[in-house]
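Chemist: Generate coordinates for the sequence data below:
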Amino acid sequence: MQEAVALKSLRDRPFELLAELERRGRAVTASAATDAEKVGEWVGVALRMAGELYLVAREEAREVLGVPAQLTRVPGAKSWILGLANVRGQLLPIIDLRAYLGSGPTPNARASRVIVVNHRDIPAGLVVDEVLGFRRFADAEFTADVPPTIVRCDRYIAGSFRRGNEQWPVLGLRALVEDPSFSEASA
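Modeler: Model (predicted):
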């Protein structure tokens, strides 16, 4: 109740009110981060490809977008490069991840999404069947086992998380975009 009174007293001083709100927000965020570190929590983005569930480390995904309606084809590019999209003034290559991995094209569906890879030097948007949101796992749920997958991505799997009967392979996006075959985009 003390916090509500203090904020009310800042009603006529908007700058100080905003500064206090920011300070409180940062304090809450910092305490939540330290709580997660104590527990040993891993957070990833869950996605679906070819009916299978995968995880991508939260720090390897910059953002999730809808598949852009306007794509500019790149002449002489391999078929897995769908084209270039203008995303907030930046050109972003859009890649069909399933096609790149040799598992056929991703169907054009309402649930399809683009995961923008968080890589300083290699911009890429990867089209997947569906993004399911964040998933949290305890470090103890991690195993180095690489489960068999329909999509041929074994070389990019960095272990998996097991919860109950489900096993969630972790797809390493940095390893994927840094693979020399990813850079060989000309047909």
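Chemist: so how far is residue 44 from the most centrally placed residue in the chain?
Modeler: Computing the C-alpha centroid of the chain and ranking residues by C-alpha atoms, centre = their mean puts residue 61 first, at 3.1 Å. Distance of residue 61 to residue 44, given as C-beta to C-beta, to the nearest Å: 8 Å. C-betas here are computed from N, CA, C, even on glycine.
Chemist: got it, and residue 103?
Modeler: 21 Å.
Chemist: between these two, who's got more neighbours?
Modeler: Higher neighbour count among residue 103 and residue 44: residue 44, with 21 against 18, using other C-beta atoms under 10 Å.
Chemist: Can you name the residues that contact the residue nearest to the centre of the chain?
Modeler: Contact analysis of residue 61 by C-beta atoms under 8 Å, 6 or more residues apart in numbering lists 45, 115, 116, 117, 118, 173.
Chemist: Next step: these restricted to strands.
Modeler: When DSSP state E defines the strands, the subset of the contacts of residue 61 inside them is 45, 115, 116, 117.
Chemist: Now neighbour count too, for those, in TSV please.
Modeler: Compiled in TSV, the ones in strands among the contacts of residue 61 are given as follows (neighbours: other C-beta atoms under 10 Å):
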residue	neighbour count
45	23
115	23
116	19
117	21
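Chemist: tell me which of these is nearest to residue 141?
Modeler: residue 45 (16.4 Å; C-beta to C-beta).
Chemist: Could you give the bridge partners of the closest one?
Modeler: For residue 45, the beta-bridge assignment (DSSP bridges) gives partners residue 56, residue 134.
Chemist: how close does it sit to residue 118?
Modeler: For residue 45, the distance to residue 118 equals 11 Å [C-beta to C-beta].
Chemist: Same check on residue 178?
Modeler: Relative to residue 118, and taking C-beta to C-beta, residue 178 is found at 13 Å.
Chemist: Low-confidence ranges, this structure, go.
Modeler: By pLDDT under 70, the low-scoring segments of the chain are 1-5, 32-39.
Chemist: higher neighbour count, residue 178 and residue 118?
Modeler: Applying other C-beta under 10 Å to residue 178 and residue 118 shows that residue 118 carries more neighbours, namely 16 against 13.
Chemist: and residue 6, that's in a helix?
Modeler: Yes - using DSSP: H, G, I helix; E, B strand; the rest coil, the assignment for residue 6 is a helix.
Chemist: Can you tell me the closest non-neighbouring residue to it?
Modeler: Leaving out its chain neighbours, the residue that sits closest to residue 6 by C-beta to C-beta, 6 or more residues apart in numbering is residue 20, at 7.2 Å.
Chemist: Return the residues in contact with residue 112.
Modeler: Counting by C-beta under 8 Å, 6+ apart, residue 112 has contacts 66, 67, 106, 127, 128, 129, 130.
Chemist: Pull out the buried members of those.
Modeler: 67, 106, 127, 128, 129 (16 or more other C-beta atoms under 10 Å).
Chemist: The residues you listed in strands, which ones?
Modeler: 127, 128.
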